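Undergrad: Quick one, fold the following:
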Amino acid sequence: MNHLKKLGLMALALTAVMAVAGVASASASQFTASATGILISGGQTTEHVISVEGSEWGCEDVELTGETEATSSSTQALHPAYSGCVAFGFQQAVVDTSGCEFVFDAAGGMSLQGCTNGYMSIEIESIFNTHCLVRFGDYDPEEEAGVNGAIDNVGYADNEDGTVTASFAANNIHYEVLISTGFCPLSEGSGDTAGYTGSTILTPSSGSFGFDE
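TA: Next up is the predicted model:
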């Protein structure tokens, strides 16, 4: 009888644990969409700024594009493209994001993945013999997709019009300064304190795109 009683108590305890686990799973943050295959795009609502060693880059245009892969998912991948970029307040900069995807994590982060060269880079060349080349992410030549490090502090807000606002306040991005000549204010070497700030509204081409905490 005692043995049966113990088994009954164990069953009750297991049921309770499973119920709690189910609640925890159900409450996990998710991106939601009214359908799969919806085009998602976003510009910048506040300027996206990349900072390295106290120097900053800003761009006139930032475009994030991708498609929903599920009606509910913990991640959403979007390709970033930058144009009209200026460094140090006056020098034109080229941002190479070939193949790169920002993989947004509903839990509050983001990772840079799939870059053709294994990393995202910013390059500046001018007539004043100034040449800066900076790359971002943890490049691993053995990884065919060039999977890079995670970025912290990305916040999401669900909007009533079926869009999502993503806000960046990252300060833990891995970077390497490969070239620094002329008036380039950076020192050759690497670190883990590059920053990325700004915000964007992610808008679906049809239906709705949302964020559930």
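
Undergrad: Dump the strand ranked longest in the chain to PDB, restricted to CA.
TA: Using DSSP state E, we find that the single longest strand of the chain is strand 164-181. The C-alpha coordinates for strand 164-181 follow below in PDB (Å, rounded to 0.1, in the frame of the first residue of the first chain):
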ATOM      1  CA  VAL A 164       7.500  45.200 -34.700                       C
ATOM      2  CA  THR A 165      10.000  47.800 -33.500                       C
ATOM      3  CA  ALA A 166      13.600  46.500 -32.900                       C
ATOM      4  CA  SER A 167      15.900  48.700 -30.900                       C
ATOM      5  CA  PHE A 168      19.700  48.100 -30.600                       C
ATOM      6  CA  ALA A 169      21.900  49.000 -27.700                       C
ATOM      7  CA  ALA A 170      24.700  46.500 -28.200                       C
ATOM      8  CA  ASN A 171      28.200  47.000 -26.800                       C
ATOM      9  CA  ASN A 172      29.800  43.500 -27.000                       C
ATOM     10  CA  ILE A 173      30.500  43.100 -30.700                       C
ATOM     11  CA  HIS A 174      33.800  41.400 -31.700                       C
ATOM     12  CA  TYR A 175      35.900  43.500 -34.100                       C
ATOM     13  CA  GLU A 176      39.300  43.400 -35.800                       C
ATOM     14  CA  VAL A 177      41.000  46.500 -37.300                       C
ATOM     15  CA  LEU A 178      43.000  45.000 -40.100                       C
ATOM     16  CA  ILE A 179      44.300  48.200 -41.800                       C
ATOM     17  CA  SER A 180      44.900  51.600 -40.200                       C
ATOM     18  CA  THR A 181      46.900  54.200 -42.200                       C
END
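
Undergrad: Run the angle between the following helix or strand past that strand and strand 164-181 for me.
TA: Scanning forward in sequence from strand 164-181 by DSSP states H and E, the next helix or strand is strand 189-204. Interaxial angle, strand 189-204 versus strand 164-181 (axes from the mean of the first three to the mean of the last three C-alpha atoms, to 10 degrees): 150 degrees.

Undergrad: roughly how far out does strand 189-204 sit from the chain middle?
TA: 7 Å (C-alpha atoms, centre = their mean, to the nearest Å).

Undergrad: so what secondary structure elements neighbour the longest strand of the chain?
TA: strand 46-52, strand 131-136, strand 150-151, strand 154-158, strand 189-204, strand 209-212 (3 or more C-beta pairs under 8 Å, 6 or more residues apart in numbering; DSSP states H and E). The C-beta positions use only the backbone N, C-alpha and C, and glycine is treated the same way.
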